[in-house]
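Here is the input, now give the coordinates:
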Amino acid sequence: MEPLYKHGIQMAEFLQQTLGGFEKSMLFMSWIGDPRTSFFIYFPVTYYLNRKIGISVLWITVLTEWLNLVFKWLLFGERPFWWIHESGVYSKHQMPKLQQFFCSCETGPGSPSGHAMITAAAWWLMMTSFSTFIYNRTRSTLARNIPVVLYIALLLTIGISRIFILAHFPHQVLAGIITGAVLGFLLGQRIPENLKLIQYVVTSVVLLLSAMCLYWGLHYFGVNVAWTILLATKWCANPEWIRLDTRPFSSLSRDAGAILGLGIGLSSPLYASTLGWKMTWKMKVVCIVLCELIIEIMDQVPMPKYSTILFYVLCYLKNAFVPILVTAIMPWLVHSIFQIQPTKKQQ
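Predicted structure coming up:
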């Protein structure tokens, strides 16, 4: 593996030298591939464009991120880019420019890349759905392939950005893209439908307990799966740059919370009342804008750092609220407001 790591470092050096003037663009592309973006942006937008696709995007995102966490723990020997300091083969003078983002970006093991894997899986469903939509409207094979080309191009750009900002080695990005695309293909047609609330609750609990059992099981056999956090702490110039929301248990809280929230939202009376309503494009746009505004405000609220357990509990609850907001609260609220407007005009 040593030659593979060294070639990866050389590629990262090449990208930073070649694309040095595109630092902001690389950071933006990395943000596009952030798993949080799939939860907070792709899910709400796709849900209001097509309810079934939106729910499927959330399911795929949750399952893929959970699997990514498990893969990283099982592949505990795979090194993140912090290894470059330990190896002594990387010139440190190229590091400070992106050190803050690098240290706050990934605190879990490096392979496979979560950004690449989760985004590839969620986008697979979005890409195939969009491709089918275009073909049904145009009957053009050429036009049908446009989403496929965009899918590949954007994933490659995200992968390059992850290497550029020193978050992953190239083979870790490639592993994430391939694994994510395969999972998107396999899971896209197997999304559970018409589940009862208790089934969502059980799924949330299973996601939490199974991952925690794996964690403590590995710990029992002497495997410290949190070794990358210690390594990040060692090499990060400022410990405050290492955020709790980048740690593996944060993603686990997000996954379990999102599934519970989805179950509550789809089982709520508010959701049931919206099933017979017709949402106009204007109403859908208002729902998307208001949801994103509320999610952004909620995401900016400082989380407590004095208690790790409290942080994870609040992270769980926050991510449980998002699907409830998207599937039940916002559609009911917007539809009610639009229904009141004609009455006021008549008066």
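
Can you list the residue ranges for strands in the stretch 101-250 of the chain?
Counting by DSSP state E, counting those that start in this stretch, the stretch 101-250 of the chain has no strands to list.

Low-confidence ranges, it, go.
The model of the stretch 101-250 of the chain has pLDDT under 70 over residues 101-110, 224-248.

Kindly recompute the last result at 50.
For the stretch 101-250 of the chain, the stretches flagged by pLDDT under 50 are 101-105.

Please, where are all the helices along it?
Assigned helices in the stretch 101-250 of the chain, in chain order: 114-138, 141-144, 146-164, 170-188, 197-220, 227-235, 248-267 (criterion: DSSP state H, counting those that start in this stretch).

and the shortest one, what does it pack onto?
It stands for helix 141-144. Packed against helix 141-144, as judged by 3 or more C-beta pairs under 8 Å, 6 or more residues apart in numbering; DSSP states H and E, are the following elements: helix 114-138. For glycine as for every other residue, the C-beta is placed from the backbone atoms N, C-alpha and C.

so how far is the helix it packs on off the chain centroid?
Centre-to-centre, helix 114-138 and its host chain are 15 Å apart (C-alpha atoms, centre = their mean, to the nearest Å).

got the angle for that helix vs helix 146-164?
Helix 114-138 runs at 170 degrees relative to helix 146-164, counting by axes from the mean of the first three to the mean of the last three C-alpha atoms, to 10 degrees.

Give me the helices and strands touching helix 114-138, please.
Here helix 114-138 touches helix 35-37, helix 51-74, helix 141-144, helix 146-164, helix 170-188, going by 3+ C-beta pairs under 8 Å, 6+ apart.

Which residues does the third one contact?
Around helix 141-144, the neighbours that count as contacts under C-beta atoms under 8 Å, 6 or more residues apart in numbering are Ser131, Thr132, Ile134, Tyr135, Thr138.

Of those residues, keep whichever come out buried.
Buried subset of these (neighbour count, 16 or more other C-beta atoms under 10 Å): Ser131, Ile134.

Could you dump the contacts of helix 141-144 into JSON lines and include distance to Phe28?
What follows is those, written out as JSON lines (distance: C-beta to C-beta, whole Å):
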{"residue": "Ser131", "distance to Phe28": "25"}
{"residue": "Thr132", "distance to Phe28": "29"}
{"residue": "Ile134", "distance to Phe28": "26"}
{"residue": "Tyr135", "distance to Phe28": "30"}
{"residue": "Thr138", "distance to Phe28": "31"}
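
Looking at the contacts of helix 141-144, which is nearest Ser273?
Set against Ser273, the nearest of those by C-beta to C-beta is Thr132 (30.2 Å).

which residues touch the closest one?
Arg144.

so who does Ser273 touch?
Trp332.

For it, give its distance to Trp281.
21 Å (C-beta to C-beta, to the nearest Å).

cool, Phe169 as well?
According to C-beta to C-beta, Phe169 stands 44 Å off from Trp281.

more neighbours, these two?
Higher neighbour count among Phe169 and Trp281: Phe169, with 29 against 9, using other C-beta atoms under 10 Å.

wouldn't that one be in contact with Ala175 here?
No - with contact defined as C-beta atoms under 8 Å, Phe169 does not count as touching Ala175 (9.6 Å).

hey, what's in contact with both of these two?
By C-beta under 8 Å, 6+ apart, the residues touching both Phe169 and Ala175 are Ser111.

quick one: contacts for Thr327?
Applying C-beta under 8 Å, 6+ apart, the residues contacting Thr327 are Tyr47, Ile55, Leu262, Gly265, Leu266, Ser268, Tyr271.

Looks like the fourth one contacts Ala320 (just checking).
No - no contact is recorded between Gly265 and Ala320 when judged using C-beta under 8 Å, the distance being 9.2 Å.

hey, what's in contact with both of these two?
In contact with both Gly265 and Ala320: no residue, using C-beta under 8 Å, 6+ apart.

burial of Phe71, as a residue count?
So Phe71, with other C-beta under 10 Å, has 18 neighbours.

For it, give me its contacts.
Neighbouring residues of Phe71 by C-beta under 8 Å, 6+ apart: Ser111, Pro112, Thr179.

Okay, it and Cys315: tell me how far apart.
21 Å.

which one of the contacts of Thr327 is nearest Leu290?
Tyr47 (13.3 Å).

just checking, that closest one touches Val326?
Yes - between Tyr47 and Val326 a contact is recorded at 5.5 Å, counting by C-beta under 8 Å.

Of those two, give the one with the bigger neighbour count.
Legend: neighbour count by other C-beta under 10 Å for Tyr47 and Val326, higher for Val326 (28 against 25).

Next, the closest residue to the more buried one other than its chain neighbours: secondary structure please.
Closest residue to Val326 apart from its sequence neighbours, by C-beta to C-beta, 6 or more residues apart in numbering: Pro44 at 4.9 Å. Under DSSP: H, G, I helix; E, B strand; the rest coil, the three-state class of Pro44 is helix.
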